[in-house]
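Novice: Need a 3D model of the following:
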Amino acid sequence: MRRIILITGGQRSGKSAYAEGLAHRLTDRPVYMATAHIWDEEFRQRVQRHQENRGPEWTNIEEEMFLSRHDVNGRVVVVDCVTLWCTNYITACSDIQKDLADIKTEFDKFTSQDATFIFVTNEIGMGGVAMNQVQRQFTDLQGWVNQYIAAKADQVVMMVSGIPVTVKGDSLL
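Specialist: Numbers count the residues shown, from 1 in each chain. This is a model prediction of the structure:
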């Protein structure tokens with residue numbers, strides 16, 4: 001059953017909705033693993049709206065860094081999102097090479113479980129070059145993590161204006 005799917009694209013491209021719909025097609029009791037850190041009240045309200053939009057069939061797990069602490073064997077898991085997961089690492093450490101190594105180790109440990117993993121991520125490197133060093137370092141980290149996950153993934157889908165485009169593997173449509 002072990003399978004890794006990566007859903008990528010720009011902001012508001014339909015990634016999360018597509019991932020949630022895919023999870024529903026694969027199981028009637030999906031897991032939603034939220035990696036977000038609540039930074040302010042506006043973001044708290046955004047998270048609350050997302051939670052309310054998911055039905056009671058979802059098992060919701062909030063985990064900012066250590067995904068592998070959770071036993072998801074036999075389940076279909078939406079991890080939303082890799083970008084916020086990377087943010088949590090870089091704000092905790094700020095050593096890009098260490099963060100990258102830690103994220104890869106945690107990813108491998110988490111995905112060693114017998115489950116279907118649907119990772120949602122952003123393609124933040126498709127825009128212009130960031131104006132400051134921290135943003136450039138984060139863009140590098142995010143890009144390297146996306147490449148790592150995509151290399152391990154069975155399927156990669158890029159969302160373009162709400163339309164899924166298969167990049168790797170069989171079409172999920």
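Novice: Show me the contact partners of whichever strand or helix holds residue 98.
Specialist: Here residue 98 sits within helix 96-110, counting by DSSP states H and E. Identification of contacts with helix 96-110 by Cβ atoms under 8 Å, 6 or more residues apart in numbering yields 65-68, 85-86, 89-90, 93, 117, 137, 140-141, 144-145, 148-149, 152. For glycine as for every other residue, the C-beta is placed from the backbone atoms N, C-alpha and C.
Novice: Recalculate using a threshold of 10 Å.
Specialist: Identification of contacts with helix 96-110 by Cβ atoms under 10 Å, 6 or more residues apart in numbering yields 4, 33, 63, 65-70, 72, 77, 79, 82, 85-86, 88-93, 95, 117, 119, 137-138, 140-141, 144-145, 148-149, 152.
Novice: what's the model's confidence in the helix or strand following that helix, averaged?
Specialist: Scanning forward in sequence from helix 96-110 by DSSP H and E, the next helix or strand is strand 116-120. Strand 116-120 shows a mean pLDDT of 98.
Novice: Just give me how far the helix or strand just after strand 116-120 sits from the chain centre.
Specialist: With elements assigned by DSSP H and E, the helix or strand that comes after strand 116-120 is helix 133-152. Distance of helix 133-152 from the chain centroid (Cα atoms, centre = their mean, to the nearest Å) equals 12 Å.
Novice: Same question for helix 133-152: list its buried residues.
Specialist: 137-139, 141-142, 144-146, 148-150 (16 or more other Cβ atoms under 10 Å).
Novice: Residue 166 belongs to a strand, doesn't it?
Specialist: Yes: according to DSSP: H, G, I helix; E, B strand; the rest coil, residue 166 belongs to a strand.
Novice: What is the burial count for it?
Specialist: Look at residue 166: counted by other Cβ atoms under 10 Å, it has 13 neighbours.
Novice: Identify the residue spatially nearest to it, adjacent ones excluded.
Specialist: Spatial nearest neighbour of residue 166, excluding adjacent residues (Cβ to Cβ, 6 or more residues apart in numbering): residue 157 at 5.8 Å.
Novice: Look up the residues forming beta bridges with residue 116.
Specialist: Counting by DSSP bridges, residue 116 is bridged to residue 3, residue 76.
Novice: can you pull the contacts of it?
Specialist: 1-5, 22-23, 26-27, 30-31, 72, 74-78, 154.
Novice: Which entries within those meet the buried criterion?
Specialist: Buried members of the contacts of residue 116, counted by 16+ other Cβ under 10 Å: 3-5, 22-23, 26, 30-31, 72, 75-78.
Novice: where in the protein is pLDDT low?
Specialist: 127-128, 172-173 (pLDDT under 70).
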